[in-house]
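# sequence and predicted structure are below.
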Amino acid sequence: MQEFELASQLRELETKNFPETEEVKAAKKQAKDLNLLFRMVDLNVSEDKCWLIAETLKLYNKKKGKFDIKDAAKIRAKEVELFFTEE
């Protein structure tokens with residue numbers, strides 16, 4: 001029980017000292033909305049991967065199919081930046 005309380009206190013401290021940016025909040029909202037959409041069609045995809053799918057498709061369409069490994073790496077790095085937590 002003490003470990004749970006400690007974890008809760010650490011999360012509270014983290015949230016207070018490192019608030020989420022507007023970019024992170026927007027990405028998480030989009031991910032949550034997409035997660036619901038995918039679950040409605042019986043696709044069980046985590047929220048961060050929902051965001052990743054949407055961003056990949058967006059860039060793929062923007063580049064008219066000329067998507068390469070550099071594009072993939074940039075999107076993947078952005079996903080880690082926006083969604084990485086140690087939970």
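That came through, no problem.
# C-alpha only now, for contacts and for neighbours.
OK.
# now Thr21: how far from Gln9?
Separation of Thr21 from Gln9 (C-alpha to C-alpha, to the nearest Å): 21 Å.
# which helix in this structure runs the most residues?
If you go by DSSP state H, the chain has its longest helix at helix 22-40.
# so for the spatially closest residue to Asn44 that is not a sequence neighbour, what's the pLDDT?
What sits nearest to Asn44 in space, not counting adjacent residues and going by C-alpha to C-alpha, 6 or more residues apart in numbering, is Phe38, at 6.8 Å. You'll see Phe38 listed with a pLDDT of 95.
# and what of Glu23?
Glu23 is given a pLDDT of 92.
# what is the burial count for it?
10 (other C-alpha atoms under 10 Å).
# just give me the neighbour total for the closest residue to it other than its chain neighbours.
Among residues not flanking Glu23 along the chain, Leu82 sits closest, at 8.0 Å (C-alpha to C-alpha, 6+ apart). Look at Leu82: counted by other C-alpha under 10 Å, it has 19 neighbours.
# quick check: Leu82 vs Gly65, distance?
25 Å.
# coming back round to it: verify the stated contact: the residue nearest to Asn44 with Glu47.
No: at 9.8 Å, Phe38 and Glu47 do not qualify as touching, with contact defined as C-alpha atoms under 8 Å.
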